[in-house]
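Asks: sequence and predicted structure are below.
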Amino acid sequence: MEYEAVIGLETHVQLKTKSKMWCGCANAFGSDPNTNVCPVCLGLPGVLPVANEEALKKTVLTGYLLNCSIPALAKFDRKNYFYPDAAKNYQVTQYDKPSTLGGYVDFEFQGGMSRVRITRAHLEEDVGKNSHLERFSGVDFNRAGVPLLEIVSEPDMTSSDMAYEYLNALKDILVYGGVSDCDMEKGMVRCDVNISVRPKGQKELGVKVEIKNMNSFSGVRRASEYEIARQIKVVTSGGKLIQETRRWDDVAGITENMRSKEQAHDYRYFPEPDLMPFQPTERWLEDILKRVVELPLAKKQRFIKDYQLPASDAQAFVWDQPLADYFEALAKQSKNPKSVANWVINNLRAKMAEANEKFVAEQDSMGIEPADIRRLTLADLKFKPEGLLELVNLVESGKINSKIAQDVFADMFETGDAPEAIVQKKGLAQVSDTGAIEKFCDEAIAANPASVADFKAGKVAALNFLKGQVMKLSKGKANPNLIGEMLEKKLKA
């Protein structure tokens, strides 16, 4: 009997706010342990929480980005459990009345389009962080109370690869929307993976096993692959799966039992008595709708359609939003957006990376702290954006060839001078005079009789060699199209 996997994900994302969910403590990574804390986030007796409005806004914004509906009423609940990293012995979360419901994420997968439905995206608070040292353990409560969005998917994924692509698509949406920086190294995204297996064709779900607290997408993929194989092995050998929570050992590459899976009643949910229900007004929702941005997949599809870009170029712009904005501003003014895209991706991006490497090294040598080191942005470019359009036009009009254009671009990147001025100043205009080119061709043919013989013997590559010799003689200025036509005509004659 063949078995198939069914996967659902619970993705926890820290929201991009300046302060925590219920107090004014800084939502900042990297501070000394237990310095961003107060009586509220430490859960001391007699304190009262005050909701962070920006966190509420970003939750609803996420709902819009994920095609969710926004209920007219949401409320907060207490989820009771004891762990050392939960100072209050409960977590304030949303249970039966969340801020968003339904929705879906569309993404590219295996050459087509896939959709994973979203059950809900609800707002809660993060807990502290345990650190286990050689002789003792410590708890840092700087993270406790940070606004956390839990995005729960339906069990729509059928493989570890599909789960991996869904997570990347979800991350892109959240970063694009300004909801979260989604920095995995700072623990801003964590994931619980729910996996079951069932005979192919069966509609009823199998026994669900949860893998807790995954902190990387690649880890989710590897853990899912292992767990699917483990569960199939258990059921095919006559064993019985139990509903449980497991942990992923990344070094050993295995999942291990942590505890039996809790049910909702184990947490003894009840409405948070210190917080009023949340009822968004139409005007409040309209203000948030203004913050909705074009999603990454929609941008990619639009760039392919509107600017005739290949998928690889469109994807490059999706991954770099500032570069995409820079390109689009130029593409709207150009008759050949594809050429503009080539220069932006292959030349401008490479030059920016090279300049940034040097710029960062200079700051480092000056003793500037890593956290204070600045990186160059497109706003720091010395030349005006229109200069790139001018360069493209010079190539397409035949005034300079592509090789000279590379030198012109390097010059304008360093000096900020306009391309036309650089060409005039350095005498780089392309030679299209047939008499001059014919002379160069005759010289190249006379100096390379072996290549001439090779061409006449049917070796086409010999023609490219001779073209290169002509370009050398013209110091790179000869029109390459005229060179090819003239050489071929002379050699065949």
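Replies: Received the coordinates, thanks. None of the values given here were measured: they were computed from a predicted structure.

Asks: where do the strands sit along the stretch 101-250 of the chain?
Replies: Along the stretch 101-250 of the chain, counting by DSSP state E, counting those that start in this stretch, strands occupy 104-109, 112-125, 129-132, 137-140, 147-153, 189-199, 209-214, 244-249.

Asks: mind putting these into JSON lines with distance to Met412?
Replies: To be clear about C-beta, it is placed using only N, CA and C from the backbone, and glycine gets the same treatment. Formatted as JSON lines, those follow (distance: least, C-beta to C-beta, whole Å):
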{"stretch": "strand 104-109", "distance to Met412": "36"}
{"stretch": "strand 112-125", "distance to Met412": "41"}
{"stretch": "strand 129-132", "distance to Met412": "49"}
{"stretch": "strand 137-140", "distance to Met412": "50"}
{"stretch": "strand 147-153", "distance to Met412": "44"}
{"stretch": "strand 189-199", "distance to Met412": "40"}
{"stretch": "strand 209-214", "distance to Met412": "47"}
{"stretch": "strand 244-249", "distance to Met412": "51"}
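
Asks: the ones you listed: which one's closest to Val340?
Replies: Val340 sits nearest to strand 104-109 of all the strands of the stretch 101-250 of the chain, at 24.5 Å, using C-beta to C-beta.

Asks: now the helices for the stretch 351-493 of the chain?
Replies: Along the stretch 351-493 of the chain, counting by DSSP state H, counting those that start in this stretch, helices occupy 386-396, 402-415, 419-426, 434-447, 449-456, 461-473, 480-492.

Asks: right, so of these, which gets closest to Leu44?
Replies: Per C-beta to C-beta, nearest to Leu44 of the helices of the stretch 351-493 of the chain: helix 402-415, 57.2 Å.

Asks: which secondary structure elements does the closest one sit against?
Replies: helix 349-365, helix 386-396, helix 419-426 (3 or more C-beta pairs under 8 Å, 6 or more residues apart in numbering; DSSP states H and E).

Asks: contacts only, for Ile483.
Replies: By C-beta atoms under 8 Å, 6 or more residues apart in numbering, the contact list for Ile483 reads Ile437, Phe440, Cys441, Lys467, Val470, Met471.

Asks: so which of the residues you listed is the most crowded?
Replies: Highest neighbour count within those, by other C-beta atoms under 10 Å: Cys441, with 27 neighbours.

Asks: which residues touch that residue?
Replies: Listed by C-beta under 8 Å, 6+ apart, the contact set of Cys441 reads Leu466, Val470, Ile483, Met486, Leu487, Lys490.

Asks: confidence score at it?
Replies: On pLDDT, Cys441 comes in at 83.

Asks: gap between the nearest residue to Glu396 once chain neighbours are set aside and Leu309?
Replies: Of all residues not flanking Glu396 in the chain, Asn336 sits nearest, at 6.5 Å (C-beta to C-beta, 6 or more residues apart in numbering). According to C-beta to C-beta, to the nearest Å, Asn336 stands 11 Å off from Leu309.

Asks: flag the shaky bits of the protein, pLDDT-wise.
Replies: For the chain, applying pLDDT under 70 flags the ranges 261-264, 428-433.

Asks: which non-adjacent residue is nearest the residue nearest the centre of it?
Replies: Centroid check for the chain by C-alpha atoms, centre = their mean gives Asp172 as the closest residue, at 4.6 Å. The shortest distance from Asp172 to any non-neighbouring residue, by C-beta to C-beta, 6+ apart, is to Pro296 (4.4 Å).
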